[in-house]
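> Pasted the sequence and its predicted model underneath.
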Amino acid sequence: MVKLIAPAKVNLYLNIGGRRADGYHEATTVMHALALHDVLHMDRVKQDEGGLRIEVSCYAREGIEPLVVASEDNIVYKAVDLLARKIAHVGDELISVRIEKHIPHEAGLGGGSSDAAASLIGAAKLWGVDPESPEVLEAASELGADVAFFLHGGCTCLTGTGEVFHHALEPMRKTVVLVKPEGGVSTSAAYAAFDESPVTIDPEAHVRALEASRAEEVPLCNNLTAASESLMPELAEMLGWIAAQDGVENSLMSGSGSSAFAICATFDDACRIVAAARNRGWWARATAFSSAKVSAIPR
Ligand SMILES: C[C@](O)(CO)[C@H](O)COP(=O)(O)OP(=O)(O)OC[C@H]1O[C@@H](n2ccc(N)nc2=O)[C@H](O)[C@@H]1O
Ligand SMILES: Nc1ncnc2c1ncn2[C@@H]1O[C@H](COP(=O)(O)OP(=O)(O)OP(=O)(O)O)[C@@H](O)[C@H]1O
């Protein structure tokens, strides 16, 4: 049995560029891990026959919307299956994964991507594979643009489509409030809306983001914001509201939304803002930036 933590992320900086021939977009991003995480329990049970079987179950915790997705459609199923094929793993066995979700989905917080990265580390451990082997890194990149970040964690700048490690930054020690309206934004729909009306980021801010060595130095920018707002008008209202709260030093939409994060002066400010956001019917919680990455919890 392996137990793992799968942290959430926010994008401090997200600069989407042109659309490539494969449909993906060039992206430069600085992601920061949070002290909010899903928990995965992975078990390996020997069977008499049938080859490799994978079963994934998901349980919503702390009042987040339940994730309704069949076992084989869960990105964790795809991750374990992909790694097995890459390392040519054979054997009659059941890999069962129980995910306790604390990270809301379609929130731009990378919950599914982090679960996928954690399950790669968990499966590698169960099968005696080096978690830093090329097969694990390749599988992460193939599963989705955000998955590779969670193998690095902390605060990391990435390029390519958002999966190529550029450099690590010194993490921030700050309190963060997350706010999310009911409902999410589909990442692919946000990118499609972006193509209809692309937005560019000031080149001077781009240089500052690429050269930053500490998370605090990164300019908060996200050029997917207008695209996501066009899909969910309530987002614009929520982003305006959070920016205007006393004690908020800076705020931004995370990834493709629908959540926003606010960096707060104090934990008291954060708790007051969480209570006010919940009064408006939004999901909200106080957390902190973290230096975590996906990792097994020692037993
Ligand atoms: C918005 C971000 O979360 C910012 O970190 C990421 O760019 C999205 O990462 P992700 O959720 O891991 O996305 P994926 O699962 O790889 O892709 C979902 C869909 O988003 C679009 N997509 C994603 C990443 C990227 N650089 N260009 C894209 O066009 C594609 O339509 C793709 O089919
Ligand atoms: N383990 C999982 N956790 C969350 N979503 C999953 C999972 N497996 C499959 N999915 C599917 O992926 C979709 C988006 O997942 P996720 O929560 O990672 O999106 P996101 O918050 O927009 O993250 P990102 O910032 O990476 O775009 C969900 O709507 C769901 O259908």
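Perfect, thanks for sending it. Ligands and ions are numbered 1, 2, ... in the order given.

> CA only for contacts and neighbour counts going forward, please
OK.

> and residue 156, that one's in a strand?
Yes: secondary structure of residue 156 (DSSP: H, G, I helix; E, B strand; the rest coil): part of a strand.

> Would you check that it makes contact with residue 172?
No: if you go by CA atoms under 8 Å, residue 156 and residue 172 don't touch, sitting 11.7 Å apart.

> So which of the two has more stuff around it?
Shown here are residue 156 and residue 172; by other CA atoms under 10 Å, residue 156 has more neighbours (26 against 18).

> show me what contacts the more buried one?
30-32, 149, 165-169 (CA atoms under 8 Å, 6 or more residues apart in numbering).

> between the residues you listed, which is nearest ligand 1?
Taking CA to the nearest ligand atom as the measure, ligand 1 lies nearest residue 31 of the contacts of residue 156, at 7.2 Å.

> for the residue nearest to residue 212 when sequence neighbours are not counted, phi and psi?
Leaving aside its chain neighbours, residue 212 sits nearest to residue 218 (5.9 Å; criterion: CA to CA, 6 or more residues apart in numbering). Dihedral angles phi and psi of residue 218 (degrees, to the nearest 10) take the values phi -80, psi 130.

> mind checking pLDDT for residue 218?
Note on residue 218: pLDDT of 98.

> what does residue 65 give?
Residue 65 is assigned 88 on the pLDDT scale.

> re earlier: so which of the contacts of residue 156 are also by ligand 2?
Applying CA under 6 Å from any ligand atom to those, one finds that nothing falls near ligand 2.

> Please convert the buried members of the residues you listed into ChimeraX selection syntax.
In ChimeraX syntax, the buried subset of these is picked out as below (16 or more other CA atoms under 10 Å):
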select :30,31,32,149,166,167,168,169
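
> and of the contacts of residue 156, the nearest to residue 256?
residue 31 (12.9 Å; CA to CA).

> Tell me the bridge partners for residue 285.
Here residue 285 shows beta-bridge partners residue 178, assigned using DSSP bridges.

> picking that back up, tell me if I'm right that the residue nearest to residue 212 and residue 11 touch.
No: using CA under 8 Å, residue 218 is not in contact with residue 11; the gap is 10.4 Å.

> Which pLDDT value does the model give the closest residue to residue 53 other than its chain neighbours?
Counting by CA to CA, 6+ apart, residue 53 lies nearest to residue 94, which is 4.7 Å off, once chain neighbours are set aside. What the model reports as pLDDT for residue 94 is 97.

> Residue 168 reaches residue 213, doesn't it?
Yes: with contact defined as CA under 8 Å, residue 168 and residue 213 form a contacting pair (7.4 Å).

> how about the strands in this structure?
2-19, 25-46, 52-60, 93-101, 155-159, 164-169, 175-180, 221-222, 248-253, 260-264, 283-288, 295-296 (DSSP state E).

> For residue 55, grab the count of nearby residues.
Residue 55: 17 surrounding residues under other CA under 10 Å.

> Please name the nearest non-neighbouring residue to it.
Per CA to CA, 6+ apart, closest to residue 55 is residue 96, 4.8 Å.

> mind checking how far the one you found is from residue 69?
Residue 96 sits 16 Å away from residue 69, going by CA to CA, to the nearest Å.

> before we move on, what about residue 23?
Using CA to CA, we find residue 23 at a distance of 25 Å from residue 69.

> Would the lengthiest helix in the chain count as contacting ligand 2?
If you go by DSSP state H, the chain has its longest helix at helix 111-126. Yes: judged by CA under 6 Å from any ligand atom, helix 111-126 comes into contact with ligand 2 at 111-113, 115.

> Save the residues you listed as CSV, and put in pLDDT and neighbour count too.
Converted to CSV, the residues of helix 111-126 next to ligand 2 look like this (pLDDT from 0 to 100; neighbours: other CA atoms under 10 Å):
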residue, pLDDT, neighbour count
111, 98, 24
112, 98, 24
113, 98, 26
115, 98, 31
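
> Relative to ligand 2, which of these is nearest.
For the residues of helix 111-126 next to ligand 2, with ligand 2 as the reference and CA to the nearest ligand atom as the criterion, the closest is residue 112, at 3.3 Å.

> can you pull the pLDDT of the nearest residue to residue 25 once chain neighbours are set aside?
Leaving aside its sequence neighbours, residue 25 sits nearest to residue 19 (CA to CA, 6+ apart; 4.3 Å). With respect to pLDDT, residue 19 scores 94.

> can you check residue 11 too?
Reported pLDDT at residue 11 in the predicted model: 98.

> where's the residue nearest to residue 212 relative to residue 168, distance?
From residue 218 over to residue 168 (counting by CA to CA), the distance is 12 Å.
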